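K.L.:
model the structure of this input:
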Amino acid sequence: MNIIAPSELLINNDGSIFHLHLKPEELSDTVILVGDPGRVELVASFFDSKEFVRSSREFVTITGSYKGKRMTVLSTGIGTDNIDIVVNELDALANIDLKTRMPKEKHKNLTLLRIGTSGAIQPEIPLGSYVLSHISIGCDGLLNWYKNRNSVSVLEMEEAFVKHFEWLPELPAPYFARASSKLIDAMKDITIKGLTISAAGFYGPQGRVLRLPLAIPDMISRFESFEYEGQKITNFEMEGSALAGLAALLGHDAATVCCIIANRHLHESQPEYKHFVSKLIELSLERLAKL
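P.N.:
The predicted structure is shown next:
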């Protein structure tokens, strides 16, 4: 095994990983990911105890204990580019010796569950429901930068989607990443099975028009009408594809579960959604504590 150069693996003077400012011993094997830094404290409010609070840029971390199980909650900010940073640095903390800069001989498996909010695409998905993304459709292109992306992608569905959507050559090639079967099984009785678009932005990439026209004006209807072996696209979010894809390549269990706070087909939204998110957090912690 080769030593990883300082230019590739950046370590702070205190021995912590560059962006997250965490040390290996500060990370638990079970990690809850949230987009909003303000939501970290909400998740940690359910903990029985807290070891520390760390803040660096948009990355806020609390490690503590819930019903006897050590857990870490970490904010990622918005977008798959941030997920690229977070997942790679979490894996480095778990599987690289930061002192010798060499991968560890024994691989450590992390459980990564992202809890977020989302907009439904299909009209029958009610506001306040919970969708777990069994498959996430990456429209951002991030996983295409990594070798072996095909090994963790659902290639037949990917091909059918590109054909149905009449995918523009100017767009990044989409990828279809599966969630961890362990997390799917743990959450299946409280969630809707999701085939989820991970968009590369909030406005144009999700079909919203302010002052700029869209390259694909009917993109929402194209998403809504796609069907493959009885599965339809359920919802939009912005991080799940990179999380599922990178975790699978690195040998971790990961999934994204979202509270539906809007329905794009019905043009409805639920402004009073915080109690639904709070309940989702509590349910998720209960399931993670049993794994």
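K.L.:
report pLDDT for the nearest residue to residue 210 once chain neighbours are set aside.
P.N.:
Computed as Cβ to Cβ, 6 or more residues apart in numbering, the closest residue to residue 210 that is not its neighbour in sequence is residue 203, at 6.4 Å. Just so you know, the C-beta spots here come from the backbone N, C-alpha and C atoms, and that holds for glycine as well. Here the pLDDT value assigned to residue 203 is 96.
K.L.:
going forward, count from 47.
P.N.:
Will do, 47 is the new start, and the previous item becomes residue 249.
K.L.:
so how many other residues sit close to residue 249?
P.N.:
By the criterion of other Cβ atoms under 10 Å, residue 249 has 13 neighbours.
K.L.:
could you pull up the residues touching it?
P.N.:
By Cβ atoms under 8 Å, 6 or more residues apart in numbering, the residues touching residue 249 are 255-256, 258.
K.L.:
now those as TSV including pLDDT and secondary structure?
P.N.:
As requested, the contacts of residue 249 are arranged in TSV below (pLDDT from 0 to 100; DSSP: H, G, I helix; E, B strand; the rest coil):
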residue	pLDDT	secondary structure
255	95	coil
256	97	coil
258	98	coil
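K.L.:
so which of the residues you listed comes closest to residue 264?
P.N.:
Closest to residue 264 out of those is residue 255 (12.0 Å), distances taken as Cβ to Cβ.
K.L.:
which ones are touching that closest one?
P.N.:
With Cβ under 8 Å, 6+ apart, residue 255 has these contacts: residue 249.
K.L.:
quick check: it vs residue 272, distance?
P.N.:
From residue 255 over to residue 272 the distance is 21 Å, taken as Cβ to Cβ, to the nearest Å.
K.L.:
same check, this time on residue 176
P.N.:
Residue 176 is 22 Å from residue 272, by Cβ to Cβ.
K.L.:
strands of the stretch 97-246 of the chain, residue ranges please.
P.N.:
105-112, 115-121, 142-143, 148-149, 157-166, 176-184, 221-224, 238-244 (DSSP state E, counting those that start in this stretch).
K.L.:
tell me the mean pLDDT over stretch 160-175?
P.N.:
On average, stretch 160-175 scores 94.
K.L.:
all helices for this protein, in order.
P.N.:
Using DSSP state H, the helices found in the chain span residues 84-90, 126-141, 201-211, 227-233, 265-271, 286-296, 320-335.
K.L.:
now for the residue nearest to residue 303 when sequence neighbours are not counted, how many residues are close by?
P.N.:
With sequence-adjacent residues excluded and distances taken as Cβ to Cβ, 6+ apart, residue 303 is closest to residue 178, at 4.6 Å. By other Cβ under 10 Å, the residues close to residue 178 number 24.
K.L.:
ok, what's across the strand from residue 178?
P.N.:
residue 239, residue 303 (DSSP bridges).
K.L.:
quick one: low-confidence ranges for the protein?
P.N.:
Across the chain, the ranges flagged by pLDDT under 70 are 47.
K.L.:
quick check, central residue of it?
P.N.:
residue 286 (3.3 Å; Cα atoms, centre = their mean).
K.L.:
residue 281 touches residue 167, doesn't it?
P.N.:
Yes. Contact criterion Cβ atoms under 8 Å: residue 281 and residue 167 qualify, at 5.8 Å.
K.L.:
does residue 155 really touch residue 294, like I thought?
P.N.:
No. The pair residue 155 / residue 294 is not scored as a contact, 11.8 Å apart, by Cβ under 8 Å.
K.L.:
more neighbours: these two, which one.
P.N.:
Taking neighbours as other Cβ under 10 Å, residue 155 and residue 294 compare with residue 294 leading, 21 against 14.
K.L.:
show me the contacts for that one.
P.N.:
198, 223-224, 226, 300.
K.L.:
and residue 89, by the same measure?
P.N.:
By Cβ under 8 Å, 6+ apart, the neighbours of residue 89 are 78, 80, 108, 119, 161, 327, 331.
K.L.:
mind doing that once more with 7 Å?
P.N.:
By Cβ atoms under 7 Å, 6 or more residues apart in numbering, residue 89 lies in contact with 78, 80, 119, 327.
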